[in-house]
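Trainee: Here is a sequence with its predicted model. Questions after.
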Amino acid sequence: MSENPFISYLDNTSIFKKDRDILRASYIPDELPHRDSQISAIAQILYPSLKGQRASNLMIFGKTGTGKTAVAKYMKKEIEEAIEMAKLDIDLHYIYINCEISDTNYGVLQNIGNRFIKDFDSRIPHTGLSKERVYNMLFENLDDKKRVVIVVLDELDKLVYKSGDDVLYDLLKINDELKNSKVSLIGISNDLKFSELLDTRVKSRFGEEKMVFPPYNAGQLKDILKQRTEIAFAEDVIDDSVLGLCAALAAREHGDARRALDLLRVAAELAERGHEPRITEKHVKAAKNQIEMDCVSEAIRTLPQHSKLILMGIIMNEMRGRGSLTTGELYTIYVDLSRKSGNTPLTQRRITDLISELDMLGIIRASVVSFGRGGRTKKIESAVPPESTRALLLEDPQLEILKDYRIKVQRTLSI
DNA sequence: TGTCCACTGGAAGGGAGGGCTT
DNA sequence: AAGCCCTCCCTTCCAGTGGACA
């Protein structure tokens, strides 16, 4: 009988001392290194809510992985702790909402409203009601007793870009109508420019307080990693220089702490899988490659069917040794691929949107070019390795039929 | 300088699918 | 059951555009 396949992993417990989730950005440690000044500034803004008053609204800006979300979640823990310690008689609700998930005005109101509705059957459904009705349900349940509510809207730019700022307007004016409760907003965005999209009434009310989180430098990232390492790892599994490498690689990408933590976690997992007692630079470099590959593969695998067909067209064209395509050429190929795979082709207008989405995801590169009298179009090429991408796309049962497909299309323009 | 090409990308609206209200 | 209202995905329509060419 062969050996149980799990045994070798059970033996090997040397790298992680505790739950490996400690090395995820979503884990909030007891202390956040290099964010003291931001934390005390926010505390200064929020402290009126401990006296039952409305705190000023706050906008937080900063790039990915600069600790905005971590600080926002950390403040929840701290403010609740403060209430408990001082034995304050106050019904404070600190509500965190990720607007990438609740990305419609309806969704945000529903999310907030349901926090105050205890009875499961009376909860606001995810669709079906008028916005006005949802607002009223939220209002009534919120104002049925004296409450202080702080709503954190993380990734607020995503919501505003997608659905406008109606919900902000509603939430800002709600204080004028509330008799018992008070609501303050904290908006978080990694896009400094997004506030230009806001209505002036919203902008002036929301912009009572503003704060920018600077990127971490390599030294600060190293401190963050060090802190997590001490909680997560057994002793002597990692050298200072290896931590430094993780920090340096992440610092190169605008000081992204999330990236640094991912690198370290994946490197640790690789070392563990290889039954090695220590994490080395080799593991960090391998982790870097793996993270990049995983991101892209996952994005491709979860693409909608028509986006996959478009990508397939681009890849097949490149594998024939051709360079980039124009929108028109790609559309012709796409229509053919759609028919061959039993899909009804979408219109060219819709395809231009899907092309832009693929470009934003970084899977392809598309730039607008003009050929004078030849017209204005997009120059489109892939940004992923053709062979492995093709294999990934062919995993889709609906696209499998395209395995032996050959492109036959005449070039209309030469790029 | 004006024309013209092959689009780009905004706006409006349709309809399917989901869910509540009367 | 009919009437609303929502989101999501899509189509239709069309004004606008950069730059080669006459």
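Mentor: Perfect, I can see it now.
Trainee: Near DNA strand B, which residues of chain A are found?
Mentor: A:125-129, A:133, A:326-329, A:348-349, A:352, A:355-356, A:368, A:372-378, A:412-413 (CB under 7 Å from any atom of the strand). Any C-beta I mention is one placed from the backbone N, CA and C, and that applies to glycine too.
Trainee: And the residues you listed, which of them are buried?
Mentor: A:Leu129, A:Thr326, A:Thr327, A:Glu329, A:Thr352, A:Ile355, A:Thr377, A:Lys378 (16 or more other CB atoms under 10 Å).
Trainee: for the stretch 201-350 of chain A, what spans make up the helices?
Mentor: With helices called from DSSP state H, counting those that start in this stretch, the stretch 201-350 of chain A shows them at A:218-232, A:240-252, A:257-273, A:281-301, A:305-319, A:327-340, A:348-360.
Trainee: could you give the angle of the third one to helix A:218-232?
Mentor: Think helix A:257-273. 50 degrees (axes from the mean of the first three to the mean of the last three CA atoms, to 10 degrees).
Trainee: What of the longest one?
Mentor: Orientation note: helix A:281-301 sits at an angle of 90 degrees relative to helix A:218-232 (the same axes, to 10 degrees).
Trainee: re earlier: export the buried ones among the residues of chain A next to DNA strand B to a markdown table and tack on pLDDT and distance to DNA strand C?
Mentor: As requested, those are arranged in a markdown table below (pLDDT from 0 to 100; distance: CB to the nearest atom of the strand, whole Å):
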| residue | pLDDT | distance to DNA strand C |
| --- | --- | --- |
| A:Leu129 | 81 | 7 |
| A:Thr326 | 94 | 12 |
| A:Thr327 | 94 | 11 |
| A:Glu329 | 93 | 16 |
| A:Thr352 | 93 | 9 |
| A:Ile355 | 94 | 12 |
| A:Thr377 | 93 | 8 |
| A:Lys378 | 94 | 11 |
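Trainee: Let's have those in TSV, adding distance to A:Ile42.
Mentor: Conversion of these to TSV gives the following (distance: CB to CB, whole Å):
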residue	distance to A:Ile42
A:Leu129	34
A:Thr326	50
A:Thr327	47
A:Glu329	53
A:Thr352	42
A:Ile355	41
A:Thr377	48
A:Lys378	43
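Trainee: between these, which is nearest A:Asp396?
Mentor: A:Ile355 (19.1 Å; CB to CB).
Trainee: separation between the closest one and A:Leu337?
Mentor: A:Ile355 sits 14 Å away from A:Leu337, going by CB to CB, to the nearest Å.
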